Structures are given as structure tokens and as C-alpha cells.
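Undergrad: the sequence and its predicted three-dimensional model are supplied below.
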Amino acid sequence: MKKKQFVLSVSPILFFAFIVSISNIILAEESKEQLNYSTFSQEKNCVSYNQSFVSTDPIGITDNQNGTGETDGYHLIWQDLFDENSLNESENWSIEVNGNGGGNNELQYYCRENITINKEPSTDNSCLVITAKKENYGGKAVTSGRLTTQNKMSFKFGKVEASIKLPKTANGLWPAFWLLGNNISTVSWPKCGEVDIVEMGNADGIKYNTQDRYFNGACHWGYYENGWYPNYAKATTNSYGLQDDFHLFTMIWDKESIKMYLDKDKYPDVSPYYEMNISSLSDPKAPGYYFQKQFFLIFNLAVGGNFPAIWDINNVTALSNGDAKMYIDYVKVYQKGDEDEEFSGKITGIPSSNMVNHTQVNYDSTSKIVSINGNVIQLFVFSINGIEIINVSGQNSICLSNLKAGVYIIKAQMEDKSIVKSKIIVK
């Protein structure tokens, strides 16, 4: 809309006050338009009822925390923006404390104190911060941090991405963003499966002096036989450095393949730097048997070990001038709502929203009717951000045809005082 020009014969201060007042009125009217929806009656094979709608636009997300967003049919179901004063350990994360070397002869002792929520100095972004520092602890000469979503959030298929500012790895640091199969406690590694979305600090990067551009993605699976197990890693020497600013690392995972992308938010058509087919069931070691289940997330900053081929703390030059820090601005998980997807954990923005008794909820994606098995006292629909959209009494079915595409939470208070909850995706 074009604005008319006015010539005012007033002082600059009065003119500024006038402009601010007009702007506030316009903003207030726009807010009303966004937040107030009229009630209406639904038809077209749907239960008829009156309801009030409120805005379902995402809240609490700044422009630089969008990532690739809800594109290509994906809808946000889980995220951590690390904007609170402390890490969400009750619902999302577990901090590991050990000095076992990670099975890779790593040098660090993982400590709680090395995991914090702090501002990244150059951007002022509130971030998850993993700090590696030279100090004697637990028989080790260096400490660092590792945390996972094990037993708190896991998923099968979808899109996951994280915005990370990697530390300068030369030489001896080994930062990683990766996943392990949910069944690791019962089948052990590598049968559980492993997906490495990004690792930096490899010995080849050191060898060719490309430490700030050399990174890789990888998958590990199967079992040992004759000293070998199946795995596939692919390294890339990027055209620009990855250790001076935040970069987005994205994995898109479905029943056919695992694909990984760098900075897909800036370059939507970028080709994957890693791709592997996971559909094969040709033999007991085929990837189809190991990547068609739920996985959980891991962030860590290892020091030394087999990957950088450094096993002496005196050769870790990356810590010569002080501590090193890995910053994670946000991490997000998206899904499409396909039948073969799975999710376990707290749906973002929904209090106590672990999906329990979800088998009592039926959703017909064609008619967009949700029905609940049993006698319902109160039926609610929430947006993915925790905003109550629908609240009706005494109905065990509801039509969602008037909602825009996205992820929603169905919650029903039953006559027997139980609570039924389920996640659905409206397309």
C-alpha cells in the first residue's frame, strides 16, 4: 500500500510524537485483525459447533532462528531455542559425566560444568555452549561436554537441523552433531545404528591444512565380523570456512534415504553433501534393518582421539590460547505426518504433552475429522506452540477442515477422569 505524503509545519519533536502515535494505532488494529477470528459453524460432514480461533503463528522465534522452516510438507514438532536461563533437563536433555574416551581414545573428561546456556559474543544469541578447557580432572588433562536427548526425545523419519558455530578445531578438537539408535542399551553399538550429521577436526583436514573447511557426514550400522562392520562416510572440503560464524546443518531422513545439507536456509537448492540409501534388506547387515527406527540426538565436543589422530594433550594446539567453545543456537525436528513416522517426547509448546493413550484418537485425513473412543467430557485442540484453538464440551468428534496446514495436539478429558492426547498433522 502506498502512503500519502504530508507536509507538516511542526517542530521535529512534535512530528516524531505524531508518527509514533499513528504507528501505534496501526499496529493495534493489525493485532486485532490477527488475533480475533469470528465464530462460525462448521459443515461438510463435520460436527456443527461454534468456536473461537486465535492466532497460531509461531511465538518466541526470532527471524534468525527459522532455519529452513516448514517447507516441503514438513511441520515443526520439537525444538529447543536455548533461550531460557538454564538447560531444559527435565524434558529435553541429559548431560553425560564420564571419562571413558567414547570408544575412540578421546582425551577429555565430560563434566556438567562444561555445558551452559550463554550469549554468543558476536551475535548476542542465547545458545547452548559446550566448552573444552585444559584442566586436570578425573585423571584427564582436559574437560569438555556432551549431552543427549536419550529417553526424553527420539523420532523416526523427518527433518532435523541445528544452527551451530563450530570452534576452531586446529588441532585436536572434534565437535559433532549426531544421532544414535534408541535401542543402544539393548543391542549395543554398532547394531543400534549411528548417523553423524556433521563432524570436524579429522586428521585429513589437519594433513592438508583445511581444518576450517573439511567436514564429513557418516553412518555406522550392523555388527562386527572378521574385525569389520559396515559404515559409510563422506568428507567434503567446503568452498568457505565453517568456524567463524553460525551454519545450518540439516538432515532429511525417510524410509528410502538419509540426506545431509549445509546452509540450506541460505541456499534452498543446494545439493546434499552426504546421501545414503537405507531401504535395502538384502542381507542381515543391510542398512534397512538399522535405520528404520527411532533415534535420539547428541551434541558433543571431543578432544583428541582416533578421529583427529591425536592422543597426547601436548599436541592439542587448539587449546594453546585458552578455552574453546561450540555454540548451538537452536535445534529443530520436523515431520510430515506420514504413517511410518514416529515421535516420542514433549511436543514443542504443549505442557505435559507426551503422547499417551493416543490409540483412542482416530483421525481421517480425507474428511479431517478427529474422533475419540469413549465418553468425552471436554475436547481441546492446541497449536504446536501451545495455543488453545478449540474447546468444546460433550463431543467425541470434531472437524479440523477450517484449520491451516500444520501440527496440532488433540487433548480429551474423559468421563473416567483419564486424559487422552495425540499429535496429528493437518495437510
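TA: Arrived safely, thanks for sending. Numbers count the residues shown, from 1 in each chain.

Undergrad: residue 71: neighbour count?
TA: Counted by other CB atoms under 10 Å, the residues lying close to residue 71 total 12. The way it works is simple: take the backbone N, C-alpha and C, and place the C-beta from them, glycine included.

Undergrad: which element is the residue most central in space within the chain on?
TA: Computing the C-alpha centroid of the chain and ranking residues by CA atoms, centre = their mean puts residue 332 first, at 2.0 Å. In this assignment (DSSP states H and E), residue 332 forms part of strand 324-335.

Undergrad: that strand packs against which elements?
TA: Applying 3 or more CB pairs under 8 Å, 6 or more residues apart in numbering; DSSP states H and E, one finds that strand 324-335 makes contact with strand 75-80, strand 126-137, strand 158-165, strand 173-181, strand 295-303.

Undergrad: ok, back up a step: what are the bridge partners for the residue nearest to the centre of the chain, then?
TA: Here residue 332 sits in beta bridges with residue 79, residue 161, as judged by DSSP bridges.

Undergrad: that one reaches residue 75, doesn't it?
TA: No. Judged on CB atoms under 8 Å, residue 332 makes no contact with residue 75 at a distance of 10.8 Å.

Undergrad: re the thing from before, got a list of what the residue nearest to the centre of the chain touches?
TA: Applying CB atoms under 8 Å, 6 or more residues apart in numbering to residue 332 gives the contacts 67, 76, 78, 79, 160, 161, 162.

Undergrad: nearest to residue 216, of those residues?
TA: For the contacts of residue 332, the minimum distance to residue 216 (CB to CB) is 16.1 Å, reached by residue 162.

Undergrad: ok, back up a step: dump the helices and strands packed on strand 324-335 into a markdown table; add distance to residue 193, mean pLDDT and mean neighbour count as well.
TA: Formatted as a markdown table, those follow (distance: least, CB to CB, whole Å; pLDDT from 0 to 100; neighbours: other CB atoms under 10 Å):
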| stretch | distance to residue 193 | mean pLDDT | mean neighbour count |
| --- | --- | --- | --- |
| strand 75-80 | 20 | 90 | 22 |
| strand 126-137 | 24 | 98 | 19 |
| strand 158-165 | 15 | 98 | 24 |
| strand 173-181 | 4 | 98 | 24 |
| strand 295-303 | 7 | 98 | 24 |
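
Undergrad: nearest to residue 365, out of those?
TA: With CB to CB as the criterion, residue 365 lies closest to strand 75-80 of the helices and strands packed on strand 324-335, at 13.4 Å.

Undergrad: partner strands of the following helix or strand past that closest one and their direction?
TA: Sequence-wise, the next helix or strand downstream of strand 75-80 (DSSP H and E) is strand 94-95. According to DSSP bridges, strand 94-95 has the following sheet partners: strand 146-148 (antiparallel).

Undergrad: next one: the strand it pairs with to chain centre, how far?
TA: Centroid displacement of strand 146-148 relative to its chain, using CA atoms, centre = their mean, to the nearest Å, is 14 Å.
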